[in-house]
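Engineer: got a sequence here, can you build the structure:
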Amino acid sequence: PSDGAVALRPSYGGIALDTKGVSGAPPASTIPGRPLGKAAEKEGGLLLDVFTRFEKGLPTLRQYGLDHPEGQGKVRAIHRAFVDALREDSNGVHWMVHPFCFTHGKATVWEPGPPLDQIPYNLASTGVDEVRVHAGVTEDEIRTFLKAVVIDPQLGAEDNDIGAALWEAGFDHIMCKVRDDVTDADAREQIRFFAETEEVESEVSEELSDVVAMISTTARPELSRQDSAEAAAMAMATEHASLRAAKEAASALELEAAARTALATQLSLAEDQWRERFFDVTAEAYVDTVEREDPELVIKPLQTNTERLARGGRWQQLHELHRTLVDRLTAFGSPHALPEAITQAIFTWTILEQAYQFAQPDDQDDERRSLVVDGLREVTPALANNLLKEHLLKANELGEGELFDIAMSYVEEALPGNEAIAIELLDSLRPELAQRMLASVTQTRAPEAIELLKPLLMSTNQALRCEATALLAQSPEELGKQLVRLLGSTDQSLRSAALTTMQRHQVRLAGPGLVGVIEAEGFVERPLPEQRHMFETLYGLNPPRAERLLISIVGQHGLMADDTIDRVRAVAADVLGKLADSKNPLDALKGAARIRPWNTQQVRMAAGNAIGAIETRLNRPEPAPSGVGR
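Structural biologist: Got it, this is the predicted structure:
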């Protein structure tokens, strides 16, 4: 077209052919990103989650294949990831393909490390520019797509052409934009080119490592502070993917061949030695910057690198980096070597939140998940105490389990001095967690902690209001009277909260008042769930008294049935069947179970069920004493 736009032929089998030549396409590293609107940002976030789950499934697929039950499970998990994303955005999701990553707008949504980095590389070398997945995509389509993209095109292997495999798949809901000028021969030439490039990069890397080693040992005293910090920042690029940037920078070192050879002769370091040297330089530079009060020179590039590792799911490299630096700093023995500060710099809340998300129980590899869980357990005690809000809200999201325990271990340690933050969050927490936090805040009974609870007496959250009443009460007698008084409120939720607080704090002195409420004339007008709650609360406070009272209620009747009274009798019989553990209620229940004019069907059925439940409990054989054989 005359306006320079990319021309597309009609799609065939999900493939759209781009007629623009390779030479006209800018390198992936210089492709300009469009500003992301809210919709595009949302789609980018969805893709990050998709490719996180995508990457978790690939090792199993490569090991077992698509037809093995393990592989089939991973295909289903990846299909679910796309379906979840498409449920949020029914217009479909798409990403651009570059040799080393997938992008959406300006955001990188997947930048895998080896060996998975072959996937974007192979797609790009085949000519695939863009992939779109539309709503309605089937599991079979995802399976076929995975079969194509996990193939490594070997040089000269005609049957391993990814572009041809995608073309022949005949997708209905997956669209791939492919340049038609990239023939199979072109792809093989690109593979040869990159293979030769890697050889050159390897040679340059060795030369660069020699130079850096020289800098870190012989020339370091002559470096300025800024240069020293920059050299330390290079230690962040210790894994293969990061080294590519260092290799590109090598071209800027225009050393004469003689000088380079001389340096190489003096300082010939293997890769592992080069890596160790860089860790040493980083630790030394950090101590120096702390002493001079500007540690950000080292911390900023450190944080940038660790965030990239976390986004890529490379938790093993991240934890290795952290442990190595901590070991180096600990070995220094200097007052300016602060291992905990490095931990806090690396594990910002951004990193921690991604770790908690990654470690959620899922279809992923248990070994990788355990690595992240163990890492969280290791670093949490060294975190600063300014993350209480984040950890408490995360614990509120998590169910019971090891991740919840890790988050709460931080909360309990960071709580002293942060009680006001915890109090502010109570309304947004689950009831049981809110009560736990209230108990933790007031555990010391310190005046300042008690003072924080007073505003909760007017809280709109009735559970918190009653819990604060219990914690602020001066004596059990006073608490019992206050809670019984709340049972007269017109707010049913407040009455329910008062009953829960009675049982939670075992306010036995509230028992007589509760019996008075149950025996009052207006009790039959209360909602049936509230009647049941009162019976069960009384049982929790004083079982013998509750049993006698419920037996008398079951036995109450006139000459004819009364629906209002019989509803209460049925609830009483049901609670006896649930909680009674003696023969005492059986006579009254058997009388209520007989066909009589004053026993409605509802009463007879409840009484009959209660009799069966009690007799089953009483006839159950007692367990043998521990340590006694058969």
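Engineer: tell me which element the most centrally placed residue in the chain falls in.
Structural biologist: Centroid check for the chain by CA atoms, centre = their mean gives residue 357 as the closest residue, at 2.0 Å. Assigned by DSSP states H and E, residue 357 belongs to helix 349-358.
Engineer: cool, and residue 84?
Structural biologist: Counting by DSSP H and E, the element that carries residue 84 is helix 69-88.
Engineer: other SSEs contacting that helix?
Structural biologist: For helix 69-88, the elements it packs on are helix 38-64, strand 93-98, helix 139-149, judged by 3 or more CB pairs under 8 Å, 6 or more residues apart in numbering; DSSP states H and E. For glycine as for every other residue, the C-beta is placed from the backbone atoms N, C-alpha and C.
Engineer: okay, now the sheet partners of the helix or strand just after the shortest one, with direction.
Structural biologist: Proceeding C-terminally, strand 93-98 gives way to strand 101-104 as the next helix or strand, assigned by DSSP H and E. When pairing is defined by DSSP bridges, strand 101-104 lines up against strand 93-98 (antiparallel), strand 107-110 (antiparallel).
Engineer: pipe these into TSV and attach mean neighbour count per row.
Structural biologist: Below are those laid out as TSV (neighbours: other CB atoms under 10 Å):
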stretch	mean neighbour count
strand 93-98	21
strand 107-110	22
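Engineer: got those strands as a markdown table, with distance to residue 429 and mean pLDDT columns?
Structural biologist: Below are the strands paired with strand 101-104 laid out as a markdown table (distance: least, CB to CB, whole Å; pLDDT from 0 to 100):
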| stretch | distance to residue 429 | mean pLDDT |
| --- | --- | --- |
| strand 93-98 | 34 | 91 |
| strand 107-110 | 33 | 90 |
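Engineer: just so I know, which of the ones you listed lies nearest residue 437?
Structural biologist: strand 107-110 (36.8 Å; CB to CB).
Engineer: got a list of contacts for that closest one?
Structural biologist: 33, 36, 41, 44, 47-48, 50-51, 54-55, 95, 101-103, 120, 311-312 (CB atoms under 8 Å, 6 or more residues apart in numbering).
Engineer: returning to that earlier point: now the helix holding residue 357: buried residues?
Structural biologist: By neighbour count on 16 or more other CB atoms under 10 Å, the buried set for helix 349-358 is 351-352, 354-356, 358.
Engineer: also stretch 589-597?
Structural biologist: Judged by neighbour count (16+ other CB under 10 Å), stretch 589-597 contains these buried residues: 589, 592-593.
Engineer: how near is residue 604 to residue 529?
Structural biologist: Between residue 604 and residue 529 the computed distance is 22 Å (CB to CB, to the nearest Å).
Engineer: which one's more surrounded, these two?
Structural biologist: Higher neighbour count among residue 604 and residue 529: residue 604, with 18 against 11, using other CB atoms under 10 Å.
Engineer: would you confirm that that one contacts residue 591?
Structural biologist: No - using CB atoms under 8 Å, residue 604 is not in contact with residue 591, being 10.4 Å away.
Engineer: what residues do those two have in common as contacts?
Structural biologist: Common neighbours of residue 604 and residue 591 (CB under 8 Å, 6+ apart) do not exist.
Engineer: related to what we said a few turns ago, please tell me how far the residue nearest to the centre of the chain sits from residue 48.
Structural biologist: Distance from residue 357 to residue 48, by CB to CB: 10 Å.
Engineer: quick one: low-confidence residue ranges for the stretch 401-550 of the chain.
Structural biologist: The stretch 401-550 of the chain contains residues with pLDDT under 70 at 444-446, 449.
Engineer: the stretch 301-450 of the chain: helices as residue ranges?
Structural biologist: All helices of the stretch 301-450 of the chain, identified by DSSP state H, counting those that start in this stretch, fall at 315-332, 339-346, 349-358, 366-379, 388-397, 402-414, 419-425, 431-441, 447-453.
Engineer: which stretch among the ones you listed comes nearest residue 504?
Structural biologist: Proximity to residue 504 (CB to CB) singles out helix 431-441 among the helices of the stretch 301-450 of the chain, at 7.2 Å.
Engineer: what residues sit buried inside the closest one?
Structural biologist: 433-438, 440-441.
Engineer: next: stretch 506-515.
Structural biologist: Using 16+ other CB under 10 Å as the test for burial, stretch 506-515 gives 507, 509-511, 513-515.
Engineer: return the subset of the residues you listed lying in strands.
Structural biologist: Within the buried residues of stretch 506-515, no residue falls in strands by DSSP state E.
Engineer: coming back round to it: between the buried residues of helix 431-441, which is closest to residue 327?
Structural biologist: Nearest to residue 327 out of those is residue 440 (CB to CB; 34.4 Å).
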